[in-house]
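Asks: The sequence and its predicted three-dimensional model are supplied below.
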Amino acid sequence: MNKNLKNFFYPKTFCIVGASSKEKSIGYELLKSIKEYGYTGKILPVNPKADEILGYKCYGSIEEISEPIDLAMVVVPKAFAVDSIDKLLNKNVGSIILVTAGFKEVGKEGEEAEKRILKKIKNAGARMVGPNCMGIITTFKEISLNATFVAEKPEIGQTAFLSQSGAIGAAILNSLRETDIRFGHFVSVGNKADISENDLLPFWEEDKQIKTITFYLESFVDGEMFINNFTDKKITKPVIVLKAGRTSSGMKAAQSHTGALGSSDRVVESVLNQFGIIRANTLNELFNSAKGFENFPLPAGNKVAVVTNAGGPAILAVDSLDRNGLKLADLSEKTKNKLREIVHPEGSVNNPVDLLPGGTAEQFKTVNEILISDVNVDAIVSVFVEPVMVPALPVIEGINDIKTKKPLLQVVMPLPEFWENYRKNSATGKPLFRNPEDPAKVLADMLFYSNNMKGKEFLAASTSKFKTCNSGFLQAAEIEQLTKKYKLPSVSNQFIKTDSLNKQLSKIEFPVVVKGISKDVVHKSDLNAVKVNIKNRKEFKEAIDEIKKSFAKKKIEVEEFLIQPFVKGKHEILIGGFRDPSFGPMIMFGSGGKYVEVFNDTCLKSAYLSDEDIDQMIDETKIGKILKGVRGEKPFQVSKLKKVIKSSAKMMLDNPGIKEFDFNPLIITEDNSIFAVDIRIKV
Ligand code: ADP
Ligand code: MG
């Protein structure tokens, strides 16, 4: 484990540059949090004006400290930040948290200052968290460091949490007594000048005390690097990402907050899904799922039993199961017979099992046990709304007591006093959920994770010999080079200059398609420049004239004509690709032709494809389903299509120079052939 990274979370000596004796100042509150949380290492506060603060001996300057500093936190005003960092680096400090704000997030000048600091850090071989961040926490007993200025006392857990927003981080810490979130590591990374999700993802994978890795992100520093951790199969732990900035206006907000560059949400959505990274939509979902992974076994399947003492919340729970791709389990007859002995005759022994408001703690416990023993049940959701006659705590504790290898998640809707009581008196302190809709997403995330752990092999990049000195759209000869190399099924193309049309006419084998070509025309059909099924010389001449005319109307010159054999098609599909600024090579498959935008039937994935991903691209699109055969139609040989998708992705991976490409359409014929008739590659 990298020593500098490790020292952020496991420091034996901790220096605060800018410690203060003024109450309510950051330099004071920080020291106070650290003291009260019981840091096990040695604290080294630096303040030129104080001899001691909160009982700790103060140093007049960094130079006065004689012992090695594992971790230093800089909270001085911006004007002194660079000087402090210089002095720390002179003392060979390898791990620095720069809390001070006023850098990239405030504009150009701040960005330059941030770059200068980063350069110093890099030159010294040190690492930095921040600037513009709010600190770090390790709850584990051997360290017990709360280096944030939030006075709450976080409980020990096994989840690691990175927040790109200091305010979100602070809000979570403020809410701990209500939400019962427990983490092992917490870090606010601020502007991510140096340390980002790309450092902490592999670090936390390696740290044995961490079980689940969670992120609140407004941008990915380098999305391709992030996902390569997954294509290389370095990550085995559940990773949950809350990515803010879904809408374009959200994105603008993200930019002005930390100067972050966002990537479009569709890319984020598809990439996270492809590599088994869980996406949370809200903070609540993020921590609910983290609690799920930390405290419950993984479900073996998607069949869920629901127990309740109230109809409404159970219906909401069931709706939520449905939304999350889970099913209500069909209970066995044996189970139902056992349940009949316990459940009130007016209740229900069908799933959801209803004990009615009179359901007692004993009944709840026994019913949960019966449901667990049913082989048709993979997970249980027990919903308890506190009625006047049955107190909540014994019900909840009774169920907490059950030992099981299946996840049993409890929803409690009690009087407010319950929570304090539960915190003080629960023997297990297992997490409870507050809304009947919550457990479904948790179970779905756990299932998604366990299904994704099954060995996928991802496509990898190799170096390509293909080089071009052009930029913009590739010319025909270069396109041909690429289509040959990647075995992409192109139709034969014959380019003819306007003045040699007559000479070439005798060589044309009808029927053909005639296309007018010009650098200034991207979509030929818009200009009426594609004439299909031309059967003879007469039609050919007419086609040429019409194309010339419509070009002339727009004052564009026809540079040449493209003659292709006319392919009698059954379907038109699209395969395309582009390079996302963050996640790199992306691939798209779907319905093609002139109406691509109208049909809007495409599936997008990272070009680091596995065979399963290619299957999914076909299964998730309407055209894919049609090609597999509907209504008694003969299915298309999908294996051919898969090969083309795979080699297109490979072309994208191997050739970083390719910015975009479009095969639209590839025509699929009645007799199982596939031809690209319109290829555009932009470099
Ligand atoms: P653009 O996309 O620039 O408008 P295309 O070359 O894709 O032009 O042609 C538009 C449409 O013409 C295609 O979607 C397809 O329906 C038809 N087409 C083009 N080339 C052929 C061909 N060789 N055989 C049959 N139909 C074709
Ligand atoms: Mg086209």
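Replies: Perfect, thanks for sending it. Ligands and ions are numbered 1, 2, ... in the order given.

Asks: Next, count neighbours for Arg323.
Replies: 12 (other C-beta atoms under 10 Å). The way it works is simple: take the backbone N, C-alpha and C, and place the C-beta from them, glycine included.

Asks: same question, the one 10 residues further on
Replies: Other residues lying near Glu333 total 7 when counted by other C-beta under 10 Å.

Asks: now Asn451
Replies: Residue neighbour count, defined by other C-beta under 10 Å, stands at 12 for Asn451.

Asks: other SSEs contacting the host helix or strand of it?
Replies: Here Asn451 sits within helix 438-452, counting by DSSP states H and E. Packing partners of helix 438-452 (3 or more C-beta pairs under 8 Å, 6 or more residues apart in numbering; DSSP states H and E): strand 278-280, helix 283-295, helix 311-323, strand 379-385, strand 408-413.

Asks: Let's see the helix or strand just after the second one as PDB, backbone CA atoms only.
Replies: Same thing as helix 283-295. The element immediately downstream of helix 283-295 (helix or strand, assigned by DSSP H and E) is strand 303-308. As requested, the backbone C-alpha atoms of strand 303-308 are provided in PDB (Å, rounded to 0.1, in the frame of the first residue of the first chain):
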ATOM      1  CA  LYS A 303     -37.600 -13.400  -5.100                       C
ATOM      2  CA  VAL A 304     -38.700 -11.400  -2.100                       C
ATOM      3  CA  ALA A 305     -41.200 -12.100   0.700                       C
ATOM      4  CA  VAL A 306     -42.900  -9.200   2.500                       C
ATOM      5  CA  VAL A 307     -44.300  -9.300   6.000                       C
ATOM      6  CA  THR A 308     -46.300  -6.500   7.400                       C
END
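
Asks: residue boundaries of the helices in the stretch 151-300 of the chain?
Replies: 166-174, 176-179, 197-206, 223-231, 248-258, 265-274, 283-295 (DSSP state H, counting those that start in this stretch).

Asks: Residues in contact with the last one: which ones?
Replies: Just to be clear, that refers to helix 283-295. 157-159, 161, 168, 172, 179, 181-183, 211-212, 214, 216, 238, 240, 242, 278, 280, 407, 409, 430-431, 433, 438, 441-443, 445-446, 449 (C-beta atoms under 8 Å, 6 or more residues apart in numbering).

Asks: do the same with the third one
Replies: The contact list for helix 197-206 (C-beta under 8 Å, 6+ apart) reads 1-2, 5-6, 127, 160, 162, 185, 187, 189, 210, 213, 215, 217, 220-222, 225-226, 229, 234-237, 239.

Asks: Around ligand 2, pick out the residues from this protein.
Replies: Counting by C-beta under 5 Å from the ion, the residues of the chain close to ligand 2 are Asn664, Asp678.

Asks: Which helix or strand in the chain has the lowest average pLDDT?
Replies: The weakest-scoring helix or strand in the chain, judged by mean pLDDT, DSSP states H and E, is helix 248-258 (a mean of 47).

Asks: Please spell out which residues along stretch 369-383 are buried.
Replies: Glu369, Ile370, Leu371, Ile372, Asp374, Val377, Asp378, Ala379, Ile380, Val381, Ser382, Val383 (16 or more other C-beta atoms under 10 Å).

Asks: Over to stretch 171-184?
Replies: Quick answer for stretch 171-184 (16+ other C-beta under 10 Å): Ile172, Leu173, Leu176, Thr179, Asp180, Ile181, Arg182, Phe183, Gly184.

Asks: Any idea which residue of the stretch 251-400 of the chain lies closest to ligand 2?
Replies: Of all residues in the stretch 251-400 of the chain, Arg266 sits closest to ligand 2, at 21.8 Å by C-beta to the ion.

Asks: Contacts only, for that residue.
Replies: Going by C-beta under 8 Å, 6+ apart, Arg266 touches Leu604.

Asks: any weak-confidence spans in the stretch 551-683 of the chain?
Replies: Of all residues in the stretch 551-683 of the chain, none has pLDDT under 70.

Asks: An error on my part: the question was meant for the chain.
Replies: 247-263.

Asks: Just give the nearest non-adjacent residue to the closest residue to ligand 1 within the stretch 51-200 of the chain, would you?
Replies: Residue of the stretch 51-200 of the chain nearest ligand 1, by C-beta to the nearest ligand atom: Asn198 (38.9 Å). Distances taken as C-beta to C-beta, 6 or more residues apart in numbering place Met225 nearest to Asn198, at 5.1 Å, with adjacent residues excluded.

Asks: can you pull out the strands in the stretch 451-600 of the chain?
Replies: According to DSSP state E, counting those that start in this stretch, the stretch 451-600 of the chain carries its strands in the segments 494-497, 512-517, 530-534, 560-565, 569-580, 584-591.

Asks: highest average neighbour count across these?
Replies: strand 584-591 (a mean of 24; mean count of other C-beta atoms under 10 Å).

Asks: Can you tell me, leaving aside adjacent residues, what's nearest to the residue nearest the centre of the chain?
Replies: Nearest residue to the geometric centre of the chain (C-alpha atoms, centre = their mean): Leu272, 3.6 Å. In this structure, Leu272 finds its nearest non-sequential neighbour in Arg279, 4.8 Å apart by C-beta to C-beta, 6+ apart.

Asks: ok, the one you found - contacts?
Replies: Taking C-beta under 8 Å, 6+ apart, one finds Ile240, Val241, Leu242, Lys243, Val268, Glu269, Leu272, Asn273 in contact with Arg279.

Asks: Now rank these by neighbours and give me the top one.
Replies: Counting by other C-beta under 10 Å, top hit in these: Ile240 with 26 neighbours.

Asks: Now do the same contact list for that residue.
Replies: Thr212, Ile213, Thr214, Phe215, Ile277, Ile278, Arg279, Ala280, Leu286, Ser289, Ala290, Asp445.

Asks: same check, this time on Met134
Replies: Met134 neighbours (C-beta under 8 Å, 6+ apart): Val99, Thr148, Phe149, Val150, Gly166, Gly169, Ala170, Ser188, Gly190.

Asks: and those residues, which two are the farthest apart?
Replies: Spatial extent of the contacts of Met134 (C-beta to C-beta) is set by the pair Val150 and Gly190 at 15.4 Å.

Asks: Mind checking which of the two has more residues around it?
Replies: Gly190 (29 against 21).

Asks: Surely that one is in contact with Met128?
Replies: No: counting by C-beta atoms under 8 Å, Gly190 stays clear of Met128, with 9.9 Å between them.

Asks: Show me the common contact partners of these two, please.
Replies: Leu98.

Asks: quick one: the residue nearest to Leu272 from Asp438, how far?
Replies: The gap separating Arg279 from Asp438 is 16 Å, by C-beta to C-beta, to the nearest Å.

Asks: Ok, Lys659 next?
Replies: Lys659 sits 43 Å away from Asp438, going by C-beta to C-beta.

Asks: now Val349
Replies: Taking C-beta to C-beta, one finds Val349 at 25 Å from Asp438.

Asks: and what of Asp619?
Replies: On the measure of C-beta to C-beta, Asp619 and Asp438 end up 29 Å apart.

Asks: Equivalent analysis for Ile658, please.
Replies: For Ile658, the distance to Asp438 (C-beta to C-beta) stands at 44 Å.
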